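**Student:** My questions are about this predicted structure, shown below with the sequence.
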Amino acid sequence: MVQMFLSNFFDNPERLNRWIDIAQSSFLPLLKGALLYSLTLAIVSFFFGLILAVLTALARLSGIKPLVGLARFYVSLIRGTPLLVQLFIIFFGLPSVGIMIDPFPSAVIGFSLSVGAYSSEVVRAAILSIHKGQWEAAYSLGMTYWQALRRVVLPQAARVSVPPLSNSFISLVKDTSLAAAILVPEMFRKAQEIVASTYEPLLVYSEAALIYWMICFVLSFIQDRIENKLDRYV
Amino acid sequence: MITITDLHKQFHNLQVLKGISLTVEKGKVVVIIGPSGSGKTTLLRCLNALEVPTSGSVQIGEVKLDFSQKVDRSSIPRLRKQTGMVFQSYNLFPHMTALENVMEGPVTVKKADKDSARAKAAKLLSKVGLGDKLDHYPAQLSGGQQQRVGIARALAMDPQVMLFDEPTSALDPELVGEVLKVMKELAQEGMTMVVVTHEMGFAREVADEVIFMDQGVIVERDTPAKLFAQPREERTRQFLQHLKA
């Protein structure tokens, strides 16, 4: 097979040149799709998702029955159904009840809900890992629940959750390729379009894969930096 | 300064405090001793509502909470602002430097401006002998140093009363002295203090009054000289006997 692959190229310099041409001309559109849509989608969704995750975790921990029930229902629903199906319901399903949402905001809603559900468990575990004495020390200074949470507990919980949340974010960057199915012009959709006109799926999809990998490589590097920075006091 | 009336605390089926009444006058140092499980720590924690009593009332300074009725949520922080608490396990905020730990209460709770809070925190840390450790994180400090930061942190709120929950129990023996010294100085400055401790030397030297608790009640209270020399109650005698043994 390898021989077949190589002979394809070396017996056929024209094909090799064509590959190089396509690779070069598709690189910028792909990168543009990645930075403008894939990464933007991931960052915006992660931002809203984290807010949702913290609220959900707090609801779960509140001990107030309706809130706990609502949080559990939400997490169960989102974790129990495929992300792609959720995106289809939001983008293709909701218009039949008169709710029309553009592709990009549809994707943001879908991904935010997903991040919110999965990360709420991470956040909940991180908050529970903070020693009870920290709450008591904050309370004994006269802090309210929200002050203790914001000033004392969440900053420490954040440190604990950096590695698992970084994982979620990296997964999310790759999951944004699902948004291609609801017409968001992100990198994977761009790649599909280029394949449709060039008929070189191996080359173009590999190129897209490489760009995803590059982005995730940089993100891992940033994760290490954040962890080192937060490590200073432990 | 402190008036406790008929305080009860029940955890599920366990009666931890069975009707404690006690007054502490301004500027006095009261040391509470007793075997473990006697309720002494619970009593201390009821004074700033870290433990909410089942019934009875606590008054500190102007703030009075009657736990026999439904307690207004907003009055609990008011009670806590009257008191400073020092914990057995220090409970410093690990993500803040010593200086930031001490500034935290004034800045977040009292909305003090940062510069004056910082100046005050630095002054308090010098007072407890840590003027050269302002920018150290708790993990970089010894137990004794951490506990002294804990004392400075509590003092920064200008409390009417300082509560100490076994402040030296987690310390290596050679570090106990530095913490007790700071507490002695505070007592000499006229701070009202309630101290749960096993340090009988401290009780003897600094306390105005020693309270012996057992099984959720105050068995005996007296000046340290009298209580240690001639306890009236058999249970007190037995407890003190155990300490000497």
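**Tutor:** Everything's here; your move.

**Student:** how about the strands in chain B?
**Tutor:** Counting by DSSP state E, residue ranges of the strands within chain B are B:2-11, B:14-24, B:29-33, B:55-60, B:63-66, B:83-86, B:161-165, B:192-196, B:209-214, B:217-222.

**Student:** Poorly predicted segments of the chain, please.
**Tutor:** I went with chain A, as the question did not name one. Across chain A, the ranges flagged by pLDDT under 70 are A:1-2, A:5-10, A:232-234.

**Student:** Correction: the question concerned chain B.
**Tutor:** Along chain B, the model assigns pLDDT under 70 to residues B:245.

**Student:** List the buried residues for the helix or strand harbouring A:Arg189?
**Tutor:** Assigned by DSSP states H and E, A:Arg189 belongs to helix A:187-198. Neighbour counts using 16 or more other CB atoms under 10 Å in any protein chain shown place A:187-195, A:198 of helix A:187-198 among the buried residues. Where you see a C-beta, it was placed from the backbone N, CA and C, and this is true even at glycine.

**Student:** Contacts for that helix, please.
**Tutor:** A:22, A:26, A:29-34, A:37-38, A:176-177, A:179-180, A:183, A:201, A:204-205, A:207-208, A:211-212 (CB atoms under 8 Å, 6 or more residues apart in numbering or on different chains).

**Student:** Now do the following helix or strand past it: which elements does it pack against?
**Tutor:** Downstream of helix A:187-198, the next assigned helix or strand under DSSP H and E is helix A:201-231. Packing partners of helix A:201-231 (3 or more CB pairs under 8 Å, 6 or more residues apart in numbering or on different chains; DSSP states H and E): helix A:13-33, helix A:154-175, helix A:187-198.

**Student:** Output the set of residues of chain A in proximity to chain B.
**Tutor:** Contact residues, chain A versus chain B (CB under 8 Å from any CB of the partner chain): A:131, A:133-134, A:136-144, A:147, A:151-152, A:155-156, A:159, A:232-234.

**Student:** Drop the exposed ones from the residues you listed and show what's left.
**Tutor:** Buried among those by 16+ other CB under 10 Å: A:134, A:136-144, A:147, A:151-152, A:155-156, A:159, A:233.

**Student:** Could you give the number of residues near A:Asn167?
**Tutor:** 15 (other CB atoms under 10 Å in any protein chain shown).

**Student:** one step back: closest to chain B out of the buried residues of helix A:187-198?
**Tutor:** A:Met187 (37.7 Å; CB to the nearest CB).

**Student:** The closest one and B:Met157: what is the separation?
**Tutor:** For A:Met187, the distance to B:Met157 equals 54 Å [CB to CB, to the nearest Å].

**Student:** most centrally placed residue in chain A?
**Tutor:** The residue lying closest to the centre of chain A (CA atoms, centre = their mean) is A:Leu172, at 2.0 Å.

**Student:** Surely that residue and A:Val44 touch.
**Tutor:** No: using CB atoms under 8 Å, A:Leu172 is not in contact with A:Val44; the gap is 10.6 Å.

**Student:** where do the contact lists of these two overlap?
**Tutor:** Shared contacts of A:Leu172 and A:Val44, defined by CB under 8 Å, 6+ apart, are absent.

**Student:** Show me what B:Gly84 is bridged to.
**Tutor:** Counting by DSSP bridges, B:Gly84 is bridged to B:Met162.

**Student:** Does it touch B:Leu163 like I think?
**Tutor:** Yes: if you go by CB under 8 Å, B:Gly84 and B:Leu163 touch, sitting 6.9 Å apart.

**Student:** out of everything not next to it in sequence, what's closest to A:Ala191?
**Tutor:** Counting by CB to CB, 6 or more residues apart in numbering or on different chains, A:Ala191 lies nearest to A:Ala208, which is 4.2 Å off, once chain neighbours are set aside.

**Student:** From A:Trp19, how far out is the one you found?
**Tutor:** Using CB to CB, A:Ala208 is found at 15 Å from A:Trp19.

**Student:** And B:Met85, by the same measure?
**Tutor:** Noted for B:Met85: a distance of 71 Å to A:Trp19, by CB to CB.

**Student:** Run a quick neighbour tally on B:Val149.
**Tutor:** Neighbours of B:Val149 under the rule other CB under 10 Å: 28.

**Student:** how close does it get to A:Ile20?
**Tutor:** Here B:Val149 is placed at a distance of 65 Å from A:Ile20 (CB to CB).

**Student:** now A:Pro163
**Tutor:** A:Pro163 sits 40 Å away from A:Ile20, going by CB to CB.

**Student:** Ok, B:Met191 next?
**Tutor:** Distance, B:Met191 to A:Ile20, by CB to CB: 81 Å.

**Student:** between these two, which one's more packed in?
**Tutor:** Just comparing B:Met191 and A:Ile20: by other CB under 10 Å the higher neighbour count belongs to B:Met191, 19 against 11.

**Student:** How about the more buried one, nearest residue that isn't a chain neighbour?
**Tutor:** Nearest to B:Met191 is B:Met162, by CB to CB, 6+ apart, at 5.6 Å.

**Student:** Quick one: residues contacting that neighbour.
**Tutor:** Neighbouring residues of B:Met162 by CB under 8 Å, 6+ apart: B:83-86, B:151, B:154-155, B:186, B:191-194.
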